[in-house]
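[1] Pasted the sequence and its predicted model underneath.
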Amino acid sequence: MDILLARFGYKKMTMEDVARQVGIGKGTIYLHFPSKEELVLAHIDRIAETVVRKLGEVAGLTDSPDRRLRHMLVIRVLHRFDSVAHYSQSLGDLLSSVRAALIVRRQAYFEKEAAVFENVLREGGRVGALDCPDPRMTSFILIQSTNSLLPFSLSPKELGRREDVEDQVGRIADLLIKGLLPCQSRPASWTR
């Protein structure tokens, strides 16, 4: 389905196209997905669930909390970038017909991601590696700060090269994480 969505967009892709692509009858698809909208939203759900799973994997590593947070911020952007890099138009344009349902789901995706970030922030606070009095709020700030690099409203051309996106999200992550380091870890010019 991803190939069809990339090639035709949501409006031009049909359930018959999807059935033909996967080699089953159109009726079989309707047994699992009551509409094309639900089929496409399930596809997006899988991408978001993979992001949360990957974040959890990094959160479980033994690296320092600040390194894990940086890696997590990069992953949350780059996995989505990689998932839509082959699209010919912006994801927002492709999915304009499911926008209302997608906006509701996006909040749920971000809630799940924030929970993973929050755990690492809490751990970092417990071991003295991070100065984070409000891990829950900080987790949402980290997410919101990198949302501008998500491919939701940008075309692949506007997104640019993967290397450039990785560099941009890395710079944002570095800046955000520096603000979470305990005062003694900050450069002297920051504590004045």
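    Everything's here; your move.

[2] State the helix or strand in which the spatially most central residue of the chain lies.
    With distances taken as CA atoms, centre = their mean, the chain has residue 76 as the residue nearest its mean C-alpha position (4.0 Å). With elements taken from DSSP states H and E, the one containing residue 76 is helix 65-84.

[3] same check, this time on residue 158
    Residue 158 belongs to helix 156-159, assigned by DSSP H and E.

[4] mind exporting the helix or strand following that helix as PDB, just the C-alpha atoms?
    Next helix or strand after helix 156-159 toward the C-terminus (DSSP H and E): helix 162-178. C-alpha atoms of helix 162-178 as PDB (Å, rounded to 0.1, in the frame of the first residue of the first chain):
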ATOM      1  CA  ARG A 162      18.700  12.800   4.800                       C
ATOM      2  CA  GLU A 163      22.100  13.900   5.900                       C
ATOM      3  CA  ASP A 164      21.000  17.500   6.200                       C
ATOM      4  CA  VAL A 165      17.900  16.500   8.200                       C
ATOM      5  CA  GLU A 166      20.100  14.400  10.500                       C
ATOM      6  CA  ASP A 167      22.500  17.300  11.000                       C
ATOM      7  CA  GLN A 168      19.600  19.700  11.800                       C
ATOM      8  CA  VAL A 169      17.900  17.400  14.300                       C
ATOM      9  CA  GLY A 170      21.300  16.700  15.900                       C
ATOM     10  CA  ARG A 171      22.000  20.400  16.400                       C
ATOM     11  CA  ILE A 172      18.500  20.900  17.900                       C
ATOM     12  CA  ALA A 173      19.000  17.900  20.200                       C
ATOM     13  CA  ASP A 174      22.400  19.200  21.300                       C
ATOM     14  CA  LEU A 175      21.000  22.600  22.100                       C
ATOM     15  CA  LEU A 176      18.100  21.100  24.000                       C
ATOM     16  CA  ILE A 177      20.200  18.600  26.000                       C
ATOM     17  CA  LYS A 178      22.700  21.300  27.000                       C
END
